[in-house]
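J.: this one's structure only:
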């Protein structure tokens, strides 16, 4: 396989579509906002997807799109981060927490393709675990280690997970949104799956 992605800073129509899609960009500083948009534009331009709406959340038939999931996770994570900040007496840097929330699945356009209405695995899915490719992309774009490592290790099947508080917030926001997706798809939510 050639490189799994390329950095794309010139796709103005894609950049506009990403900016119109992503919830939470207004909470980021301008330089971080620019890198977040570039990350998503790069993943999209490097994928086989023509439109943002074509990007599947997971393999199989589904009405739930990746773009829905990313915004669901970001909204839930911002709310959960505010609750954690108040209860735990910690301060979250929005340029770290919100970037993690928005970018956690930035590699899914590269590992999930589409055949008709069905999400399928791409060849890249079998080369690198989910999260790792996103971490590589974010490292190349100059994101801080906390963002890179949290995205790289957030998948539920990762061998280990970050111990930072942002990883904690992402974990529960991601699972909360994923359970919403599974309910919409008529599948068993994660919290009801035993031993699987």
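T.: That came through fine. Model, not experiment: these values are computed from the prediction. Numbering: from 1, shown residues only.
J.: do a quick rundown of the helices in this protein.
T.: When secondary structure is read from DSSP state H, the chain shows helices at 12-21, 30-46, 66-88, 94-103, 108-111, 132-140, 145-152, 165-184.
J.: any chance of those helices in TSV with distance to residue 124 as columns?
T.: For every residue, glycine as well, the C-beta is placed using N, CA and C. Formatted as TSV, those follow (distance: least, CB to CB, whole Å):
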stretch	distance to residue 124
helix 12-21	20
helix 30-46	10
helix 66-88	15
helix 94-103	18
helix 108-111	5
helix 132-140	7
helix 145-152	15
helix 165-184	21
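J.: OK, contacts around residue 184?
T.: Counting by CB atoms under 8 Å, 6 or more residues apart in numbering, residue 184 makes contact with 63, 64.
J.: from residue 192, how far off is it?
T.: Going from residue 184 to residue 192 by CB to CB, to the nearest Å gives 15 Å.
J.: swap in residue 14?
T.: For residue 14, the distance to residue 192 - CB to CB - is 38 Å.
J.: and what of residue 130?
T.: In this view, residue 130 and residue 192 are 22 Å apart by CB to CB.
J.: those two: which is more packed in?
T.: Between residue 130 and residue 192, counted using other CB atoms under 10 Å, the more crowded position is residue 130 (21 against 11).
J.: for that one, what are phi and psi?
T.: Comment: the main-chain dihedrals of residue 130 come out as phi -50, psi 130, following degrees, to the nearest 10.
J.: give the contact list for the closest residue to it other than its chain neighbours.
T.: Of all residues not flanking residue 130 in the chain, residue 155 sits nearest, at 4.6 Å (CB to CB, 6 or more residues apart in numbering). Under the criterion of CB under 8 Å, 6+ apart, the contact partners of residue 155 comprise 129, 130, 131.
J.: could these go into CSV alongside distance to residue 168 and pLDDT?
T.: Formatted as CSV, the contacts of residue 155 follow (distance: CB to CB, whole Å; pLDDT from 0 to 100):
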residue, distance to residue 168, pLDDT
129, 20, 95
130, 19, 97
131, 16, 97
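J.: please name the residues that touch the residue nearest the centre of the chain.
T.: A centroid search over the chain (CA atoms, centre = their mean) returns residue 105, at 2.1 Å, as the residue closest to the centre. Taking CB under 8 Å, 6+ apart as the contact definition, residue 105 lies against 66, 69, 70, 73, 130, 134.
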